[in-house]
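> predicted model, plus sequence, below.
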Amino acid sequence: MVCVRFLSSIPVKNKRNMRKFKFNIKDKPYEVEILDVDGNIAQVNVNGKVYEVEVDKQLQTTKTPKLVRSFASPSTDSVPSISKTSSPSAPKGTGNIKSPLPGVILSIHVKVGAKIAVGDKLLVLEAMKMENNINSDKEGVVKEIKVKKGDSVLEGDLLIVIES
């Protein structure tokens, strides 16, 4: 048996329904809907009135796991363990910076002929409403820029060619 202590009556706006129950206590009907649970505090709707109650034990709720994206680094053919997919006709080689994920090019921070070092910001790629800095993973000179601002790219598309 779970013991419940009444804390307060509170207004709740459009909470997603979690569980609904019907009780009869001394021949009086009660419709109880659990709106939200945080630790041992629950928000419940009893016959149309919302209350906050404390339960004497910790309640378990199923939570959606949070997905955390790791650092977006360009894939190259020089390190096969981190290579991303590419189209069969795409050029191969150690000087290719490819898109790590599909998106839209927001800005380009280098020009053809520019000397770059490892870690230099090459361009900004917007993917899933997030801005991703694409940094160089090699040293060299920018030989060719294959994209322009506003271009849509897919994972593995060639972005920039760097020669040593």
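Arrived safely.
> burial of the nearest residue to residue 115 once chain neighbours are set aside, as a residue count?
Using CB to CB, 6 or more residues apart in numbering and skipping residues adjacent in sequence, the residue nearest residue 115 is residue 141, 5.6 Å away. Any C-beta I mention is one placed from the backbone N, CA and C, and that applies to glycine too. When neighbours are counted by other CB atoms under 10 Å, residue 141 registers 15.
> tell me the contacts of residue 141?
113, 114, 115, 116, 162, 163 (CB atoms under 8 Å, 6 or more residues apart in numbering).
> give the bridge partners for it, please.
Counting by DSSP bridges, residue 141 is bridged to residue 115, residue 163.
> ok, now how distant is it from residue 96?
14 Å (CB to CB, to the nearest Å).
> so what's in contact with those two at the same time?
Residues touching both residue 141 and residue 96 (CB under 8 Å, 6+ apart): residue 162.
> retrieve the pLDDT associated with the residue nearest to residue 115.
Confidence at residue 141, expressed as pLDDT, is 93.
> distance-wise, check it relative to residue 120.
12 Å.
> likewise residue 26?
Taking CB to CB, one finds residue 26 at 75 Å from residue 120.
> over to residue 127?
20 Å.
> one more: residue 146?
Residue 146 is 17 Å from residue 120, by CB to CB.
> what does residue 135 give?
For residue 135, the distance to residue 120 - CB to CB - is 6 Å.
> again, but for residue 27
Residue 27 is 77 Å from residue 120, by CB to CB.
> also residue 153?
Separation of residue 153 from residue 120 (CB to CB) stands at 19 Å.
> which one's more surrounded, the two?
Neighbours per residue, other CB under 10 Å: of residue 153 and residue 120, the larger number sits with residue 153, 20 against 16.
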